[in-house]
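> I would like to see how this sequence folds:
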Amino acid sequence: MMNKIIVTLTICLSLILTGCQGSGGVSSRNVDPALTKSNTAKFFSKSAWQSCAVGAGLGGIGCMLAGGKTGVCLASAAVGCGVLMGANYYLDSKRAEYADTEMRLDVYIQDIQKNTYEVQAVTQTAKAVLDKNLATLKVLNNQIKNDTLNKKQAQKELNQIDANIAYLTDKLQRMKQVENDWILISSQERQSGVNVSKLDQQISQLHKQIAVLGNQINFVTQQRSAVKVS
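A predicted model of the protein is given here:
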């Protein structure tokens with residue numbers, strides 16, 4: 001019993017420490033407001049996860065100090081953070097919360113479908129911004145050819161395009177990490193004898209959606225690299 005308590009407290013403290021680390025990531029300076037101020041901005045955001053981690057960690061410790069059961073407190077510490085808390089934390093919490101395999105798989109599928117929806121939402125917002133960036137790059141190319149380029153204005157526009165690409169690339173890397181976490185969860189459940197075929201299908205859907213965003217970013221990056229303002 002004491003070992004379980006120590007494990008739970010360790011996880012809760014880890015969550016708090018994770019949340020207190022520097023936010024890192026890419027600066028939102030110069031990024032198109034459509035990306036940073038939309039409802040999709042919070043998706044796959046490290047800062048959002050940190051806030052969740054602090055709240056979850058404090059909640060889990062409070063639960064333990066109040067005499068709550070270890071498994072319930074462990075699950076409580078993970079509520080709301082989902083797989084973004086990390087595969088091992090998430091897996092342990094769901095196993096503690098759902099001993100029944102089918103129920104646990106249903107929760108996995110609901111959560112990964114939510115992640116897929118979030119990727120779709122980010123992709124839709126990104127497409128609108130990146131399409132606008134492509135139009136800007138086309139105009140700049142024509143101005144360069146016709147020798148009518150305003151270099152100062154062009155550099156300002158290119159700076160924002162570069163910022164948009166960096167911002168979305170950072171989001172993309174976080175999405176890929178979430179995908180990797182799901183792959184790890186599936187692998188560990190499979191090793192425990194669980195049939196994870198339905199979960200793997202959902203992981204495949206998530207992968208495809210992430211690839212859509214990746215392709216959009218790559219295309220705009222290629223077009224941007226062709227525009228030189230000297």
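> low-scoring pLDDT stretches of the protein, where are they?
Applying pLDDT under 70 to the chain flags the ranges 1-27, 46-85.
> what's the closest non-adjacent residue to Ile217?
Nearest non-adjacent residue to Ile217, counting by C-beta to C-beta, 6 or more residues apart in numbering: Leu168, 5.3 Å away. C-beta coordinates here come from the backbone N, C-alpha and C atoms, glycine included.
> Name the SS class of the spatially most central residue of the chain, please.
Nearest to the geometric centre of the chain sits Phe44, at 2.4 Å (C-alpha atoms, centre = their mean). Following DSSP: H, G, I helix; E, B strand; the rest coil, Phe44 is assigned to coil.
> Spatially nearest residue to it, not counting backbone neighbours?
Arg174 (4.1 Å).
> helix or strand for that neighbour, which one?
For Arg174, the host element (DSSP states H and E) is helix 151-191.
> can you give me the helices in the protein?
2-20, 33-36, 46-65, 70-78, 87-97, 101-145, 151-191, 197-225 (DSSP state H).
> Contacts only, for Tyr98.
Arg104, Val107 (C-beta atoms under 8 Å, 6 or more residues apart in numbering).
> That one and Leu91, how far apart?
Separation of Tyr98 from Leu91 (C-beta to C-beta, to the nearest Å): 11 Å.
> for Asp200, same thing?
Distance from Asp200 to Leu91, counting by C-beta to C-beta: 16 Å.
> Between those two, which is the more surrounded one?
The neighbour comparison of Asp200 against Leu91 (other C-beta atoms under 10 Å) goes to Leu91, with 19 against 15.
> Now for Gln124, how many residues are close by?
Gln124 is surrounded by 13 other residues when neighbours are defined as other C-beta under 10 Å.
> how close does it get to Ser192?
37 Å.
> same question, Glu179
With C-beta to C-beta as the criterion, Glu179 and Ser192 are 21 Å apart.
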